[in-house]
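> Okay, here's the prediction I keep looking at, along with the sequence it came from:
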Amino acid sequence: MDYLNVLNALNEIPFSVGKKLLAGFLMGDKVNESIQRNQLSKKEHFGSMAYSEKELSRLIDRLIVNDLIKLTSLSKNKFWKVLELTEKGREEIRSPSLYKKKLSFSFKDIKTEITEKDIKAFEALDDFLGRFNDCQKKAIISEKENILCIAGAGSGKTTALTKRIEFLVKYRSADPKKILAITFTRKARQEMISRLKQDHSTDEVNIETFNSFCEKMLRKYGSIAYNKQVRVISYRDRFMIMKKALQNQRIGMDRAVDIYFSFSQKKGKTREQLANIFMNDCFFIRDYLKFKNKDIRDASPEDIEPGHEKSAELVTGICMFIDSYMQKAGLRDFADQLIDTIKLFKEHKELIPEFDHVLIDEYQDINSTQIELIDILSLKNLFCVGDPRQSIYGWRGSDIKYILNFEEKYSGCEVIALNKNYRSTRHIVSLVNKFIEDMGLPDLEPAAEGEKDIKLLKFRNENSEFEFIIQRILAADIPREEIFVLARTNKQLNELSDFMKRRGIRHIVKSDEMKKSVIAGKGEVTLATIHSIKGMEAEMVFVIGCTNSKFPCRASEHPVIDMIKVDEYDKEEEEKRLLYVAMSRAKKSLYISYSGGLSYFIDDNVMKKIDKQELNIKASAKKIKKGSSNIIAEMKDWRYQTSQELGIPAYMVMHDKTIEDLAEKMPSTPAELNEVHGFGPSKISRFGKDVLDIVNRH
């Protein structure tokens, strides 16, 4: 609860303060001139925390990530950032809730008890269960009505789930038609179907995603659910509706993109990519508000974060048009299908299908509307599999509380921990256990041996980081499809993909928006965002850009995430779980790399599990020369945008000669920037970060 001291201190200091002054106030620094001059030592929270300045700085960063504090620019000097309580921060002071959202405050220690009765049952079914560990065996044959499997990374959860279905049909005489298995993605559904195909007795089991289940129900009872013909919206429909919505708003896509995205969010993306994100975000907002049972027309001002009013006005108008058009045209999407199915079952209870057993995969990703559907089904037997450690979709409405509160909701249930990791070497398992030990979850147990190959690599700049990755990939004596390069953001992926294309490296890009192959051929390396790779694994994994600005990631590539106050969740802890998911994909080799400031998630205890190296790998002179024209073009684009924002001529921001010198010298630090023609302390203070960001991308 120490974080409340920080919030209260910021609340009681009568003027805007920076991070350093706030830390000094909390540590009780009586010699600080500003503290003396303003008599701040008399305030209640002066000297209330026995933390170091570094520890307080990290705590303040965490409160910024969770939107309790925000950084704002002073009106007189936009480059001087000060701290300010958000409305959410003020509410937190009045009614603290952040600590309740942390796993360590919610989760109980799980110990799976194997009884004598269990052992006898295992022996009797040895031909069927022989290859599984005791906890898996218990999950497969448990007689409890409600069961939750907490299944750690690489613990064989899908195998346990499909084997339980086999057990129910073969040994419990369950009617396969009355078994429903639900997962979240088409890929996971197909995987489950292919595994069960090997046993023909389970052919008639219903294996669905939430989406496909609702689609089947609405097709079956469409004449009752709807008063006209309806169909599922296609991508082409979305594109066409967006075009009409923009026409209705009397605005072009280019102008909409400029209103919606900030300058930094537009960096490194084509107009086509930005338009696609904008379209998807508009449909996301519509679905989000429907799931929250809010009419788009009634979206109130308190739903909008300050500074996003103009974007919100544009997006709300477009969403209203989308909603109206879809209703008139008889189009529906996933959100509509789920909500319409619930409505159908509530109004016509006789249509609710009867299932003797329902099994749900990835239960940590479930949201309130999906829970409502499950409750309506009035289940006799419920079997859920999930892992709170891998809950990474709070930003889109998933709620970790449902897996954490399972025992509370289903009294007398059985909770079984699947903690044996069959994926990674014991060194990698030891690392990921240490990484999230503060979340209070049971440790994973390694099943695989192997040499230690875990490295934390610091590079001079991003180019050096990319060059190392390429060299290591080319030197690797393993199939290319067994290599993943994982990044926090789509922007990082695009930059690395461009780098690889120039070097002729075959690869697949799997971003949050799409999957594409680059440079045809077999055995491509996969690049992917962490969100898009969940559930997959590879022998060698690179996790790039492990800096404080990426882990935790403060700025979203989707303005809607910042604009609309989405479901309350602990953003910082979810960001940490995201890095956990990335590291736990690795089977044998794990390389964590960064340039700049290392993420504070990698603390001293975690460092002990990793071999540290500092490398200075330079890209070839040919490469730099080839990229210099790109730097000059990007610098001139940035210069123009900055001059427009400041209302001054472009030459006053930066001279052409300065830009040319930047492209030639390629500085990577403020000290090196000082050697560039036209740069001094003042210009470095004002523009240094933006300039270095551009240079380090090339």
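Thanks, I have the structure now.
> Let me see the ranges of the strands in the stretch 201-350 of the chain.
206-209, 231-232, 331-332 (DSSP state E, counting those that start in this stretch).
> How about the stretch 1-150 of the chain?
Under DSSP E, counting those that start in this stretch, the stretch 1-150 of the chain gives strands at 69-73, 81-85, 146-151.
> Please tabulate the strands of the stretch 201-350 of the chain in JSON lines, including the columns mean neighbour count and distance to V429.
Every C-beta, even on glycine, is put in place using the N, C-alpha and C of the backbone. Shown next, in JSON lines, are those (neighbours: other CB atoms under 10 Å; distance: least, CB to CB, whole Å):
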{"stretch": "strand 206-209", "mean neighbour count": "19", "distance to V429": "30"}
{"stretch": "strand 231-232", "mean neighbour count": "13", "distance to V429": "42"}
{"stretch": "strand 331-332", "mean neighbour count": "20", "distance to V429": "44"}
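> Which among those is found nearest to E445?
E445 sits nearest to strand 206-209 of all those, at 29.9 Å, using CB to CB.
> Low-confidence stretches in the stretch 451-600 of the chain?
The model of the stretch 451-600 of the chain has pLDDT under 70 over residues 512-515, 517, 519-522, 555, 561-568.
> returning to what we had before: could you dump the strands of the stretch 201-350 of the chain into TSV and include mean pLDDT and distance to K636?
Formatted as TSV, these follow (pLDDT from 0 to 100; distance: least, CB to CB, whole Å):
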stretch	mean pLDDT	distance to K636
strand 206-209	95	48
strand 231-232	91	46
strand 331-332	94	44
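> right, and those strands - which one's nearest Y591?
That would be strand 206-209 among the strands of the stretch 201-350 of the chain, by CB to CB, at 34.0 Å.
> And that closest one, what does it pack against?
strand 179-183, helix 186-196 (3 or more CB pairs under 8 Å, 6 or more residues apart in numbering; DSSP states H and E).
> quick one: which of the ones you listed has the weakest pLDDT on average?
If you rank those by mean pLDDT, helix 186-196 sits at the bottom with a mean of 88.
> got the CA positions of that one in PDB?
The C-alpha atoms that make up helix 186-196 are tabulated as PDB, following Å, rounded to 0.1, in the frame of the first residue of the first chain:
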ATOM      1  CA  ARG A 186      -9.900 -21.100 -34.600                       C
ATOM      2  CA  LYS A 187      -6.400 -22.500 -34.400                       C
ATOM      3  CA  ALA A 188      -6.800 -23.900 -30.900                       C
ATOM      4  CA  ARG A 189     -10.200 -25.400 -32.000                       C
ATOM      5  CA  GLN A 190      -8.600 -27.100 -35.000                       C
ATOM      6  CA  GLU A 191      -5.800 -28.400 -32.800                       C
ATOM      7  CA  MET A 192      -8.400 -30.000 -30.400                       C
ATOM      8  CA  ILE A 193     -10.400 -31.400 -33.300                       C
ATOM      9  CA  SER A 194      -7.300 -33.000 -34.900                       C
ATOM     10  CA  ARG A 195      -6.300 -34.600 -31.600                       C
ATOM     11  CA  LEU A 196      -9.700 -36.100 -31.000                       C
END
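> just use 12 as the starting number from now, easier for me
Got it, the first residue is 12 from now on, which makes the last one we talked about helix 197-207.
> Please convert the strands of the stretch 212-361 of the chain to a markdown table, extending it with distance to L136.
Shown next, in a markdown table, are the strands of the stretch 212-361 of the chain (distance: least, CB to CB, whole Å):
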| stretch | distance to L136 |
| --- | --- |
| strand 217-220 | 24 |
| strand 242-243 | 43 |
| strand 342-343 | 45 |
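> Nearest to V536, out of those strands?
Short answer: strand 217-220, nearest of the strands of the stretch 212-361 of the chain by CB to CB, at 29.0 Å.
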